[in-house]
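**Student:** Attaching a predicted model along with its sequence, questions to come.
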Amino acid sequence: MALTKNQIVDSIQDSLGFPRNRSVQLTETLLELIKKTLESGEDIMISGFGKFCVKEKNKRRGRNPATGEDMMLDERKVVTFTCSGKLRDRINR
């Protein structure tokens, strides 16, 4: 099951005792900060959690899976995530 933004808001509300509208505002502000930072091409490093990186993908040949037709895929940027050692250890306990 995926963690939703609504569940994050609920967790902030429950654990910090903030009103719902303040929890929503806090969550939206954090997510907007992350989006703007990645959009500008900068990486985000959160100690004990991991690092979000923007990487460039070169133009390459691909295939349409529906038709099997060859096609060229344009250059693009993708976001990758590498978890910290602490997070990896918690996951693998």
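**Tutor:** Yep, it's here.
**Student:** Let me see the backbone angles for Lys5.
**Tutor:** In this entry, Lys5 is assigned phi and psi values of phi -60, psi -40 (degrees, to the nearest 10).
**Student:** thought it was touching Leu30?
**Tutor:** No: using Cβ atoms under 8 Å, Lys5 is not in contact with Leu30; the gap is 10.4 Å. Quick note: C-beta positions are derived from backbone N, CA and C, even for glycine.
**Student:** okay, now the domains of the protein?
**Tutor:** By the assignment in automatic domain parsing, the chain contains the domains 1-40, 41-93.
**Student:** Can you show me the helices along the chain?
**Tutor:** When assigned using DSSP state H, the helices of the chain occupy the ranges 5-16, 20-39, 85-91.
**Student:** tally of neighbours for Gln25?
**Tutor:** In terms of burial, Gln25 registers 13 neighbours under the definition other Cβ atoms under 10 Å.
**Student:** where's Leu31 relative to Arg90, distance?
**Tutor:** Using Cβ to Cβ, to the nearest Å, we find Leu31 at a distance of 23 Å from Arg90.
**Student:** make that Cys83, sorry
**Tutor:** As judged by Cβ to Cβ, Cys83 and Arg90 stand 9 Å apart.
**Student:** again, but for Gly68
**Tutor:** Per Cβ to Cβ, Gly68 is found 43 Å from Arg90.
**Student:** pLDDT below threshold where in the protein?
**Tutor:** Under the criterion pLDDT under 70, no range of the chain is flagged.
**Student:** Report the contact partners of the nearest residue to Phe52 once chain neighbours are set aside.
**Tutor:** The shortest distance from Phe52 to any non-neighbouring residue, by Cβ to Cβ, 6 or more residues apart in numbering, is to Ile44 (4.4 Å). Residues touching Ile44, when contacts are defined by Cβ atoms under 8 Å, 6 or more residues apart in numbering, comprise Ile34, Thr37, Leu38, Lys51, Phe52.
**Student:** Tabulate those in CSV, adding columns for neighbour count.
**Tutor:** Converted to CSV, the contacts of Ile44 look like this (neighbours: other Cβ atoms under 10 Å):
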residue, neighbour count
Ile34, 14
Thr37, 14
Leu38, 16
Lys51, 14
Phe52, 17
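**Student:** Between the residues you listed, which sits nearest Val24?
**Tutor:** Ile34 (16.0 Å; Cβ to Cβ).
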